[in-house]
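1. Next input, structure requested:
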Amino acid sequence: MVTTWANMHRIEQIIILNDKVAGDKTQKNILKMSAPQGIKVQAFPVEKFGEIIKKNEITRRTMLLFTTSVDVLRAVNAGIPIDALNVGGMRYQEGRQRLSKALAVTEEEKQAFQKLLDDGLDITVQMVPNDERVNLKEVIQ
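-> Okay, the predicted model is just below:
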């Protein structure tokens, strides 16, 4: 799925913002190997990237990847500029509330999404480009 989005937006680099992934060498290597050819992949702890970006402006077409809305909120609070957010899907499992066919959240994730929406971030839910875009405001209660 990432490949489809990366090709569509002519992405040059992918930055994964997640403390756990950033600290796991094996997971980082797997992600780098699975990246589309010619696309640089890096992983950083959220707040550390907030510090890096203050000194080094992003000049390449970049896709930021997150594992949870909580990390997105942390990124915004760390000063990382995010113009819009697409949620590619968060699977339903025990303890999660289903908001749409592609999106199920914990209470903490739901609150993070709500805060991001309240702060004016444009958030859509769309697994792949062919799927219908759903505005998160329409499905979050």
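2. Next, give phi and psi for Asp119.
-> Asp119 adopts backbone torsions of phi -80, psi 0, taken as degrees, to the nearest 10.
3. can you pull the contacts of it?
-> The contact partners of Asp119, by C-beta atoms under 8 Å, 6 or more residues apart in numbering, come to Val76. Where C-beta positions appear, they are placed from N, C-alpha and C, glycine not excepted.
4. I'd like to know how far it sits from Leu99.
-> Counting by C-beta to C-beta, to the nearest Å, the gap between Asp119 and Leu99 amounts to 19 Å.
5. Repeat that for Gln114.
-> In this structure, Gln114 lies at 11 Å from Leu99, with C-beta to C-beta as the measure.
6. between the two, what contacts are shared?
-> Taking C-beta under 8 Å, 6+ apart as the contact rule, the neighbours common to Gln114 and Leu99 are Ile140.
7. So for those two, which sits in the more crowded spot?
-> Relative neighbour count places Leu99 above the other of Gln114 and Leu99, with 22 against 16, counting by other C-beta atoms under 10 Å.
8. What helix or strand is the more buried one located in?
-> Using DSSP states H and E, Leu99 sits within strand 97-100.
9. pretty sure Val139 contacts Gln97?
-> No. Applying C-beta atoms under 8 Å as the test, Val139 and Gln97 come out as separate, 10.7 Å apart.
10. show me where the chain has strands.
-> For the chain, the strands identified by DSSP state E occupy 13-17, 40-44, 62-65, 84-87, 97-100, 103-105, 122-125, 134-135, in order along the chain.
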